[in-house]
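Trainee: fold the following and give me the result.
(2 chains, ligands or ions: 3)
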Amino acid sequence: MDFKFTPENLARINKEIAKYPLKKSAVMATLYIAQEQNGYISNEVIKEVAAILEMTSEEVLGVVTFYTMYYQKPMGKNHIQVCTNVSCMLRGGYDIWNLVKEKLGVDNMGVTSDGNFSLEEVECMGSCGTAPMLAVNEDYYENLTKEKVEEILKSLTPTLSKGEGVKL
Amino acid sequence: MEKIVLPDIKDIHILDVYIQNGGYTAAKKAFSQSTDDIIDQVKKSGLRGRGGAAFYAGLKWSFMPKTTDKPKYLCVNGDESEPGSFKDRQIFERNPQQLIEGILITCYAIGAKIAYIYIRGEYHKWVKLMQKALDDAYAAGYIGEAMKEKFSTDFYCNIYIHKGAGAYICGEESSLMNSIEGQRGYPRVKPPFPAQNGLWGCPTTINNVETITNIPQIINKGWEWFSKIGEPKHPGTILFGVSGHVNKPGVYELPSGTLLTDIIYNYAGGVPGNKNILCVIPGGSSMPPLRGDQLEGVKMDAESLKAAGTSIGTGGIIVMDEDTDLVKVLARIAHFYHHESCGQCTPCREGTGWLEKILKRILAGNGSLSDIDLLVTVANQIEGNTICALGEAAAWPVRFMVARFRDYFEARVSKEVNLQVANKVHSMRHTAIPLADLKN
Ligand SMILES: Cc1cc2nc3c(=O)[nH]c(=O)nc-3n(C[C@H](O)[C@H](O)[C@H](O)COP(=O)(O)O)c2cc1C
Ligand code: SF4
Ligand code: FES
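Mentor: Ligands and ions are numbered 1, 2, ... in the order given. Next up is the predicted model:
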């Protein structure tokens, strides 16, 4: 199935292009916009981004695979990232990781069967001073305890339609 | 004590409040002076980069060619992905207008018409906060063509945010430029250096967010004032991020040369349970770790830390108490560098994987004495043999941790050499040679 940007998103992309002397430089921003619209970076997305920015599909794919924040498969509605790097680890980061893993029943880069949650073990997120931490989509949750994590997971469930969500 | 980068002024992040407190007067002052004068003042102030290498900011600016037909660029490095570092986000949140004013002055001094602030992708919130600050400053005429009128000057520049997407390596300056250009974020071979051949082949200066945020105060209060704060060879205040086993983790802005023990015990409230300190990494995970008994009298500035056998890095202080499993810590650090290696150089791509593998083996209780020397050998083969400094960043923690905690590591391995496993590591990742083939 072809992928086309919405007119609003095309306008956003043009604003990004205007920041740079070459169109290609807008590729990272364009991929973010594409991911927002499509949920993930499909081959069709790559083709369309390449056409708009006058790049080859291979070049776009090269950018997509270089970074960890572009996903080539659909992730959960709530994408949960847990940092286990040193500063978090020293303050219980792995306990948080294991707890979330157990609650969701998926491992690293796994998606729950209902598509509501996905899990990712991430490197230092810049929250070392407020460790341990996790992020849900774009939001940081810091100074975590196991109790707080359970609350966060619970609070995410009502945003989903009936019958969805994690067993708590 | 005076704070330069994160002053204790309520709501200073709001443009009006910033202006009420003398905001944008430094830019006005700077635009009435020659660019050489500005560079000279920054040189004399002794300001050194806060992004890791502590390079002299004024000297770096002076490398920018004076006569060139090409456009010039400034990149402001807010990739902040070094484990243990969380200071630049404080500036985006608490004092973004001073960062913007610093960018205006820097652009003027080096002759750049465009500045890109590179902010790591995970910092969605801080990208938004910084964008809001930029929008406000644009609307009020402090950035862009309008600034000509605002400051009664011929000079103007534009400032844009470039959002990263999750790659530690993009904090390395040449990788950062490739990332902005829309390529894979591979570091470039140097020379040529960015001042000659940077963004799109044009002269470019790259500075850390904190470095630039110091500039307005240096211009306003004078280089002499700045040069007298803290240690003369590395003057000013530094944002120290303290994390790990302390009672009050967080960012503390303190004069350079503040005692490490003072930061840990007084500012960060000491170690929970009054435990002893086993190990401290003083400048982010890439820097050589210190033993708990090496901390006394160590001052936090580039020269003092060099003398103490380590490095200031990003000023991210990671504290580990006596109950910490150092093998686990080092294995986690090794995993990070393996994960973040861009893969261009064989010693880094393969070596970081080997380090992780050996450390995980020791962690699992299958290590042998020879593994400890093997770690050092692999680290030594990475160091100095790579395109960028991620090689050193991966090698240093291993080399120095093993050297400074040799007994600790020896106690964690069995005394007998396990040939079966040793062989596996010596061979390439996917092509283990059966032991039998090695015998003849
Ligand atoms: C692997 C690697 C990662 C780096 N990450 C950052 C970073 O996140 N932020 C930063 O300011 N400098 C980082 N640096 C240092 C930059 O290459 C560069 O030296 C610095 O931005 C220059 O700014 P300064 O002179 O103001 O310190 C990194 C270097 C390496 C080798
Ligand atoms: S040292 Fe490592 S990260 Fe740096 S260019 Fe080489 S492979 Fe890439
Ligand atoms: S180590 Fe987890 S946020 Fe830095």
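
Trainee: so where is chain B shaky, pLDDT-wise?
Mentor: In the predicted model, chain B carries pLDDT under 70 at residues B:415-440.

Trainee: longest strand of it?
Mentor: strand B:237-244 (DSSP state E).

Trainee: any part of that one near chain A?
Mentor: Yes - under the criterion of Cβ under 8 Å from any Cβ of the partner chain, strand B:237-244 makes contact with chain A via B:241-244. Using the backbone N, CA and C atoms, a C-beta is placed for each residue, glycine as well.

Trainee: now stretch B:90-98
Mentor: No - Stretch B:90-98 does not reach chain A (Cβ under 8 Å from any Cβ); its nearest approach is 9.3 Å.

Trainee: which residues touch the helix or strand encompassing B:Ile218?
Mentor: Using DSSP states H and E, B:Ile218 falls within helix B:215-221. Residues outside helix B:215-221 that contact it (Cβ atoms under 8 Å, 6 or more residues apart in numbering or on different chains) are B:4, B:22-23, B:25-27, B:29-30, B:38, B:41-42, B:45, B:47, B:98, B:101-102, B:105-106, B:226.

Trainee: at 7 Å what do you get?
Mentor: B:4, B:22, B:25-26, B:29-30, B:41-42, B:45, B:47, B:98, B:101-102, B:105-106, B:226 (Cβ atoms under 7 Å, 6 or more residues apart in numbering or on different chains).

Trainee: just the residues you listed now: which is nearest B:Glu82?
Mentor: B:Leu47 (20.3 Å; Cβ to Cβ).

Trainee: would you map the helices across chain A?
Mentor: A:7-17, A:27-38, A:43-53, A:57-66, A:86-90, A:93-104, A:146-156 (DSSP state H).

Trainee: from these, which stretch is densest packed?
Mentor: Of all those, helix A:86-90 carries the top mean neighbour count, a mean of 29, counting by mean count of other Cβ atoms under 10 Å in any protein chain shown.

Trainee: which residues touch the one residue in the stretch 151-300 of chain B that gets nearest to ligand 2?
Mentor: Using Cβ to the nearest ligand atom, B:Pro187 is the residue of the stretch 151-300 of chain B that sits closest to ligand 2, at 4.1 Å. For B:Pro187, the contact set (Cβ under 7 Å, 6+ apart) comprises B:169, B:172, B:174-175, B:342, B:387-388.

Trainee: next, the distance between the ends of stretch A:12-27.
Mentor: Length of stretch A:12-27, first residue to last, Cα to Cα, to the nearest Å: 12 Å.

Trainee: quick check: chain neighbours aside, which residue is closest to B:Gly297?
Mentor: Closest residue in space to B:Gly297, ignoring its immediate chain neighbours: B:Leu259 at 7.1 Å, by Cβ to Cβ, 6 or more residues apart in numbering or on different chains.

Trainee: state the distance from the one you found to B:Leu295.
Mentor: B:Leu259 is 9 Å from B:Leu295, where distance means Cβ to Cβ, to the nearest Å.

Trainee: where exactly do the strands run in the stretch 51-200 of chain B?
Mentor: B:73-78, B:114-119, B:158-163 (DSSP state E, counting those that start in this stretch).

Trainee: dump the ones you listed into JSON lines; add mean neighbour count and distance to A:Ala11 as well.
Mentor: Putting the strands of the stretch 51-200 of chain B into JSON lines (neighbours: other Cβ atoms under 10 Å in any protein chain shown; distance: least, Cβ to Cβ, whole Å) gives the following:
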{"stretch": "strand B:73-78", "mean neighbour count": "27", "distance to A:Ala11": "26"}
{"stretch": "strand B:114-119", "mean neighbour count": "24", "distance to A:Ala11": "21"}
{"stretch": "strand B:158-163", "mean neighbour count": "20", "distance to A:Ala11": "17"}
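
Trainee: rebuild those as TSV, extending it with distance to ligand 3.
Mentor: Output for those, formatted as TSV (distance: least, Cβ to the nearest ligand atom, whole Å):
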stretch	distance to ligand 3
strand B:73-78	15
strand B:114-119	16
strand B:158-163	18
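
Trainee: list the contacts for the nearest residue in space to A:Val63 that is not next to it in sequence?
Mentor: Nearest residue to A:Val63 in three dimensions, chain neighbours excluded: A:Val27, at 5.3 Å (Cβ to Cβ, 6+ apart). Going by Cβ under 7 Å, 6+ apart, A:Val27 touches A:49, A:53, A:55, A:60, A:63, B:182.

Trainee: same thing but 6 Å
Mentor: Counting by Cβ atoms under 6 Å, 6 or more residues apart in numbering or on different chains, A:Val27 touches A:53, A:63, B:182.

Trainee: around chain B, pick out the residues from chain A.
Mentor: Chain A comes close to chain B at residues A:19, A:24-25, A:27-28, A:62, A:66-69, A:85-87, A:89-90, A:123-126, A:128-129, A:138, as judged by Cβ under 6 Å from any Cβ of the partner chain.

Trainee: mind putting the strands of the stretch 51-200 of chain B in JSON lines, distance to B:Ile91 included?
Mentor: Listed next are the strands of the stretch 51-200 of chain B as JSON lines, based on distance: least, Cβ to Cβ, whole Å:
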{"stretch": "strand B:73-78", "distance to B:Ile91": "8"}
{"stretch": "strand B:114-119", "distance to B:Ile91": "11"}
{"stretch": "strand B:158-163", "distance to B:Ile91": "14"}
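
Trainee: quick one: closest of those strands to B:Asn197.
Mentor: strand B:73-78 (11.6 Å).

Trainee: now that closest one and strand B:114-119, what's the angle there?
Mentor: If you take axes from the mean of the first three to the mean of the last three Cα atoms, to 10 degrees, strand B:73-78 sits at 20 degrees to strand B:114-119.

Trainee: does any part of strand B:73-78 sit near ligand 1?
Mentor: Yes - contact of strand B:73-78 with ligand 1 (Cβ under 6 Å from any ligand atom) involves B:Asn77.

Trainee: could you list every residue that touches residue 29?
Mentor: If you meant another chain, say so; for now it's chain A. With contact set as Cβ under 6 Å, 6+ apart, A:Ala29 has these partners: A:Glu16.

Trainee: not quite, I wanted chain B
Mentor: B:Lys29 neighbours (Cβ under 6 Å, 6+ apart): B:Ile219.

Trainee: which strand or helix spans it?
Mentor: Using DSSP H and E, B:Lys29 falls in helix B:25-31.

Trainee: quick one, what contacts B:Val5?
Mentor: B:213, B:253.

Trainee: I'd assumed B:Ala302 was in contact with B:Ile312.
Mentor: Yes - counting by Cβ atoms under 6 Å, B:Ala302 is a contact partner of B:Ile312 at 4.7 Å.

Trainee: quick check: residues of chain A near ligand 3?
Mentor: A:83, A:85-88, A:124-128, A:131, A:133.

Trainee: what do you get if the cut-off is 5 Å, keeping everything else the same?
Mentor: Contacts of chain A with ligand 3, taken as Cβ under 5 Å from any ligand atom, map to A:83, A:85, A:87-88, A:124-125, A:127-128.
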